[in-house]
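Trainee: build me a model:
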Amino acid sequence: MIKSFQLAHGALQQVGRLDAEVMLFCNPDAAERDLLLDDFKLDEHALASALDPDEVSRIEFHPDNLFLIWKRPENYCGQASFTFEVSSCGLLFCQERLLVISTDAAQLSGVGARQPLHSPLDVLLDLLFNNIHHYLGHLKVIKLVARELQQKFNASMENQHLVQMFNLSESLIYYINAIHSNGAVLTRLRNHAEKQHFSADAIALIDDLIIENNQCYKQAEIYSTVFAGLIDARGNLMNNSTNGLLRKLTLINVVFLPLNLIASIGGMSEFSMMTSGIPWWLAYPAFLVAMGLTGGLVILALKRMAPQTSSLSQAG
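Mentor: Numbering: from 1, shown residues only. So this is what the prediction gives:
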């Protein structure tokens, strides 16, 4: 799908022609890919990189244009797994045109709301600014979701909530990698802007983008560190709760074992039949003494086996 826009009155206005100043290629089909390769001189590798969600951010400088691979956060729809994803988009920029290659049809939504747009460079910088603030918005959501999961975990101690916290921690790692690689792109873009004598306003805006991106990176890094500590603490807390439950079950077994033993001895009808010629006050004490001797022999055997087992383990 192709969307074309022209700059008029400081904003983007959608038009129906293929020579507009700003064009969005969303999931381009075979004909649209041929258009990018033939008319806009985009190579196959760059086009594949723009649509690859695992591609690393980078910037390529050419004599008449520059090409950026930019990592952007995907829209969060509140799944039960609490997973935040990142993907890539391609930006082909020259003085008179900007091409956006993405899998998201709403990639240009919100562009121009912060400041008037008078050139494709303004659109490019405002698009990058919106993506950085998209990261910041998701970090706020992650913080709120983490607090909610913490409350649920304290109430129920279910594994599901711990898995959701693991998913959030994994999402933060992806965010940190994406934001860090975007920062490298912004630094190289800043150097290119000085060499190409961009306007002072454009260079100042790039400096603001670098500062915003660094703050976003630090915030994501802090959240990731806090999450790692929280997950370890929650895991230990769950283990302690499990150990406490096992301790209670062991106490219950210890209480009922003597009762079961007494009931078993008292209900031995076969033993009473075999010792019918012996008074019960002699047969049952003899049986208890035999049980005690058997238990003592087992204890002695285990004590003798313990040093041999320890020596074998040390030798191994």
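Trainee: report how many residues lie close to residue 111.
Mentor: Around residue 111 there are 23 other residues, counting by other Cβ atoms under 10 Å. From N, CA and C alone the C-beta is placed, and that goes for glycine too.
Trainee: surely it and residue 12 touch.
Mentor: Yes - the pair residue 111 / residue 12 is scored as a contact, 6.4 Å apart, by Cβ atoms under 8 Å.
Trainee: now the helices for the chain?
Mentor: Taking DSSP state H, the helices of the chain run over residues 30-38, 44-50, 120-156, 159-195, 200-266, 269-274, 280-315.
Trainee: by contact count, what packs against the fourth one?
Mentor: Applying 3 or more Cβ pairs under 8 Å, 6 or more residues apart in numbering; DSSP states H and E, we find helix 159-195 packed against strand 58-61, strand 66-73, strand 86-94, helix 120-156, helix 200-266.
Trainee: now do it against helix 200-266, angle only.
Mentor: Going by axes from the mean of the first three to the mean of the last three Cα atoms, to 10 degrees, helix 159-195 is angled at 160 degrees with respect to helix 200-266.
Trainee: against residue 211, how distant is residue 191?
Mentor: Distance, residue 191 to residue 211, by Cβ to Cβ, to the nearest Å: 16 Å.
Trainee: same question but for residue 48, I mixed them up
Mentor: Relative to residue 211, residue 48 is positioned 32 Å away (Cβ to Cβ).
Trainee: now swap in residue 146 and tell me
Mentor: Per Cβ to Cβ, residue 146 is found 26 Å from residue 211.
Trainee: before we move on, what about residue 34?
Mentor: Residue 34 is 41 Å from residue 211, by Cβ to Cβ.
Trainee: residue 146 and residue 211: which is more packed in?
Mentor: residue 146 (20 against 12).
Trainee: which ones are touching residue 11?
Mentor: Going by Cβ atoms under 8 Å, 6 or more residues apart in numbering, residue 11 touches 112, 116-117.
Trainee: among those residues, name the buried ones.
Mentor: Applying 16 or more other Cβ atoms under 10 Å to these, the neighbour count classes 112, 117 as buried.
Trainee: can you tell me which of the contacts of residue 11 comes closest to residue 257?
Mentor: Using Cβ to Cβ, residue 112 is the member of the contacts of residue 11 that lies nearest residue 257, at 77.3 Å.
Trainee: could I get the contacting residues of that closest one?
Mentor: Neighbour list for residue 112: 10-12, 123, 126 [criterion: Cβ under 8 Å, 6+ apart].
Trainee: same thing but at 10 Å, please
Mentor: Residue 112 sits next to 5, 7, 10-12, 122-123, 126-127, 130 when contact means Cβ atoms under 10 Å, 6 or more residues apart in numbering.
Trainee: which of those residues are buried? Put it as a ChimeraX command.
Mentor: Buried residues within the contacts of residue 112, by 16+ other Cβ under 10 Å, are selected in ChimeraX with:
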select :5,7,12,122,123,126,127,130
